[in-house]
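Trainee: Next input, structure requested:
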Amino acid sequence: MSAKRSYSPVLVKGPTRIPVLTKGAASERPKQIPIKRTGGRGRRVPQKKNAPIISLMVLGALLLAYGSLWLPALRIQKIQVEGYSGPAIESVVRDQMHGLIGILFPKDSSLFYPEKSISASIINTLPEVKEVEISRSSFTSLYVDVVSRVKKYVWCGDGVVAVQETSLCYFMDDTGYVFKEAGSAAVFANDPSIVRIETKLTNSSKSGTPLGETAVAADSMPALSDFVTKVSALLAPVRAIIIRADEVDVVLSTDTRLTYIVEQEEKAFKLLTASAVKIQKDLRDLEYVDARFDGKIYLKRKGSVSVNE
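Mentor: Numbering: from 1, shown residues only. Presented below is the predicted three-dimensional model:
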C-alpha cells in the first residue's frame, strides 16, 4: 500500500495569487476561476456608454441659452433719459447698441449691453454732458441719468473787456471746460449775470472750435470760481475775469480791477475782508485793488497814485 502523496501550494507573485499544484493528476487539481481585468487595484473600468448623451444635453442647454438672448423679452427696446432734454442722448445710445459684440451677442441684449462705450460716446458726442450713469430698469428698458454742465462763464476769445460784438462766444463751466455755443458777444454786453472770462485754452479739441477744450489753468478754476462768488457777495458783482500767466484780474461791475496771484485766492480774500469797509466806501472811485503782496493791500483811485492800505 503506497503512502499518500501530499501537495503544497506555491504562491506566484503578482496582483493575484493563485495556488498551483506541483504534483498529482489533473482530475485532482482544483478548478481555476477566471479573473476579470481591472483598471488599477481592485477597480473596474467604468463604462462610458452615457457620455455622448450627456454631451448632447449640455450642448442643447447652451444652444437654448444662446437662443434666448435673441428673444424680444431680453432685448432693450425702451430708453428713458433723465436730466437732458432732446433726442440726442437716445440717438447716441441706440447707435452704440446696434450690431453684435464680437460675432455672437446682440449689443441691445439686456444682459450684455456695452455700458462703458455708451457712456464714453455720450460724453464725447455731447460736451454739455458732464456725467452719465446707466442702469437697466427692466429686461427691455434702459435708464440713462445725465448730469449736465452748468454755465459759469462766457468765453469770447481775446479782449474780454473790449470784445467785438460780432465775436462768437461759448459757455464754460466752473472747471474751465468749454461745452456749448453761447451766441454773439453782443448778447452778453450788458448782462450783469454773465461773467466773461479771458484765458488761454488747451487747443486739444479736434472739432475745429473751442468746444471740448479746457482752460490752461483748469486746476485753479474751482478755487477761482469760489473766490468770484465770495467777492461778489463781499464787494460787488464780478463782470469779467482775465487770467494771465501767474496773475488774475477780477473786474467788478464798478469797473474796479482786483489783482491777485494765481492759486492764492484764500490769502487775497483775507486781505479784502480786512479792508472791506474802506474798499466798499470808495469802490466806485477805485481804479484797482492790488492784493498780490503779503499782509498789504494797495488801492489806486482813478486819476491818482496808489496808496497802501
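
Trainee: where does the helix or strand residue 132 falls within sit relative to the chain's centre, distance-wise?
Mentor: Assigning secondary structure by DSSP states H and E places residue 132 in strand 129-138. With CA atoms, centre = their mean, to the nearest Å as the basis, strand 129-138 stands 11 Å off its chain's centre.

Trainee: residues near the closest residue in space to residue 98 that isn't next to it in sequence, how many?
Mentor: The shortest distance from residue 98 to any non-neighbouring residue, by CB to CB, 6 or more residues apart in numbering, is to residue 107 (6.5 Å). Backbone N, C-alpha and C define where each C-beta goes, glycine included. Using other CB atoms under 10 Å, the number of residues around residue 107 comes to 19.

Trainee: partners of the next helix or strand after the strand holding residue 132 in the sheet?
Mentor: Scanning forward in sequence from strand 129-138 by DSSP H and E, the next helix or strand is strand 141-148. Using DSSP bridges, strand 141-148 pairs in its sheet with strand 78-82 (parallel), strand 129-138 (antiparallel).

Trainee: Need those strands in CSV (columns: distance to residue 146).
Mentor: CSV is the format used below for those (distance: least, CB to CB, whole Å):
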stretch, distance to residue 146
strand 78-82, 6
strand 129-138, 6
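
Trainee: Residue 153 and residue 195 touch, don't they?
Mentor: Yes: assessed by CB atoms under 8 Å, residue 153 is found in contact with residue 195 at 5.1 Å.

Trainee: what about the helices in the stretch 1-150 of the chain?
Mentor: Remark: helices assigned in the stretch 1-150 of the chain by DSSP state H, counting those that start in this stretch are 51-68, 88-96, 115-125.

Trainee: Tell me which of the ones you listed is the most buried.
Mentor: helix 88-96 (a mean of 18; mean count of other CB atoms under 10 Å).

Trainee: ok, residues contacting it?
Mentor: With CB atoms under 8 Å, 6 or more residues apart in numbering as the test, helix 88-96 has contacts from 79, 81, 107, 114, 117-118, 121-122, 125-126, 129, 142, 144, 146.

Trainee: wait, which of the residues you listed is closest to residue 254?
Mentor: Comparing the contacts of helix 88-96 against residue 254 with CB to CB places residue 129 closest, at 37.0 Å.

Trainee: Bridge partners for the closest one, pull those for me.
Mentor: residue 148.

Trainee: How about the one 4 residues further on?
Mentor: With DSSP bridges as the criterion, residue 133 is bridged to residue 145.

Trainee: Counting neighbours, what do you get for it?
Mentor: Neighbours around residue 133, by other CB under 10 Å: 13.

Trainee: my read: it touches residue 145, true?
Mentor: Yes: here residue 133 lies in contact with residue 145, judged by CB under 8 Å, at a distance of 4.4 Å.

Trainee: follow-up on the earlier one: let me have the helices of the stretch 1-150 of the chain in a markdown table, extended by distance to residue 221 and mean pLDDT.
Mentor: What follows is the helices of the stretch 1-150 of the chain, written out as a markdown table (distance: least, CB to CB, whole Å; pLDDT from 0 to 100):
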| stretch | distance to residue 221 | mean pLDDT |
| --- | --- | --- |
| helix 51-68 | 50 | 70 |
| helix 88-96 | 26 | 92 |
| helix 115-125 | 19 | 92 |
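
Trainee: could you dump the ones you listed to TSV with distance to residue 102?
Mentor: Listed next are the helices of the stretch 1-150 of the chain as TSV, based on distance: least, CB to CB, whole Å:
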stretch	distance to residue 102
helix 51-68	13
helix 88-96	15
helix 115-125	14
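
Trainee: ok, now how distant is residue 120 from residue 92?
Mentor: 10 Å (CB to CB, to the nearest Å).

Trainee: For the stretch 101-250 of the chain, just list every one of the strands.
Mentor: Secondary structure of the stretch 101-250 of the chain, counting by DSSP state E, counting those that start in this stretch: strands at 105-106, 129-138, 141-148, 153-155, 168-172, 178-184, 195-198, 238-243, 247-252.

Trainee: The longest one versus helix 88-96: what angle between them?
Mentor: This means strand 129-138. Put simply, strand 129-138 runs at 60 degrees to helix 88-96, going by axes from the mean of the first three to the mean of the last three CA atoms, to 10 degrees.
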